[in-house]
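Asks: fold the following, please.
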Amino acid sequence: MSPSKSGRKTVTKHVRRRVLERRVLREDIRDELIEDILHGRLPPGDRIVETRIAQRFGVSQAPVREALRDLELLGFIVSSPFRGAIVRQLSVEDLVQIYPIRAVLEGLAAHDAATRITASDLKRLERLLATMRSAASRGDKRAAVDADFAFHLTIVEASGNWLLKQFWERMRLATTTLLTIAKTHRSLPEIAERHQLVLDALRSRDADAAEQAMRRHIDEPGQWLRTAMEEAEAQKPDQRRSTPRAKKAAG
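Replies: Now for the predicted structure:
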């Protein structure tokens, strides 16, 4: 091999290695920031400063910028021309609208997983359900939320539908927020037990039953949240009565 070809090959390998290292850095930073957001270390409305993140990880701003682009695509942050990257604030209406989408996606995931799920997957679901029950008995909301999320992720992955998983991943912030809300206002043991019906259908490899069980599992708290939102709206004072125009009309 001529020296020039050898040199080009060395440069190519070096470039590929740098690209791979940067991609790994980007993914590590992205995943760490996701955990910070999901566990409240980066609360909604917080500004994410590229230079601070770069200093924290000991890297340049390039992989940080790429990680933030990923987070925006996944719905964790929003970009503002003047403030930069901001942790997304979800409204109650956002959460209510996401429930039917989750029901469709996860219903399909459960349907497909029923005929593809492995013995290893089923054992993992059993362990996660046991963790949920244990956390519920202790009143450990965070452990219950983490196990609940992992339970649903296992089913989505078992479906073998990579496109479905991509759509589902984009709702991760909303899903975790919904799980946290549900476990704050509802019975933890009751929520844990509702997962048993899904697991039983998957274990029996009944695709239709698995889909129906998953849809019911998601639809029911969705209806509860919508009702709670409507009741909260109904309890608000009529703002029209406090306006000058309303007072003039009344007088």
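Asks: phi and psi next, for residue 82.
Replies: Here is the backbone geometry of residue 82 (degrees, to the nearest 10): phi -100, psi -30.
Asks: check the one 10 residues further on too.
Replies: The main-chain torsion angles of residue 92 are listed as degrees, to the nearest 10 and equal phi -60, psi -40.
Asks: now do residue 48
Replies: Phi and psi for residue 48, reported as degrees, to the nearest 10, are phi -100, psi 120.
Asks: which of the three states applies to the closest residue to it other than its chain neighbours?
Replies: Closest residue to residue 48 apart from its sequence neighbours, by C-beta to C-beta, 6 or more residues apart in numbering: residue 85 at 4.2 Å. Where C-beta positions appear, they are placed from N, C-alpha and C, glycine not excepted. Using DSSP: H, G, I helix; E, B strand; the rest coil, the secondary structure recorded for residue 85 is strand.
Asks: show me the contacts for residue 85.
Replies: Shown here is residue 85, whose contacts under the criterion C-beta atoms under 8 Å, 6 or more residues apart in numbering are 47-48, 50, 68, 71-72, 77-79.
Asks: could you do residue 222 as well?
Replies: Going by C-beta under 8 Å, 6+ apart, residue 222 touches 96, 99-100, 102-103.
Asks: the contacts of residue 85 into TSV, with extra columns for secondary structure?
Replies: Conversion of the contacts of residue 85 to TSV gives the following (three-state DSSP):
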residue	secondary structure
47	strand
48	strand
50	helix
68	helix
71	helix
72	helix
77	strand
78	strand
79	strand
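Asks: quick one: average confidence on the host helix or strand of residue 217?
Replies: Using DSSP states H and E, the element containing residue 217 is helix 207-235. What helix 207-235 shows for mean pLDDT is 80.
Asks: tell me the buried residues in it?
Replies: 207, 209-215, 217-218, 221-222, 225-226 (16 or more other C-beta atoms under 10 Å).
Asks: now the residue nearest to residue 48: how far from residue 205?
Replies: Separation of residue 85 from residue 205 (C-beta to C-beta, to the nearest Å): 44 Å.
Asks: how about residue 50?
Replies: 49 Å.
Asks: neighbour-wise, which of the two wins?
Replies: residue 50 (16 against 13; other C-beta atoms under 10 Å).
Asks: so who does the more buried one touch?
Replies: Contact analysis of residue 50 by C-beta under 8 Å, 6+ apart lists 61, 64-65, 68, 84-85.
Asks: apply 10 Å and report the result again.
Replies: 60-62, 64-65, 67-68, 84-85 (C-beta atoms under 10 Å, 6 or more residues apart in numbering).
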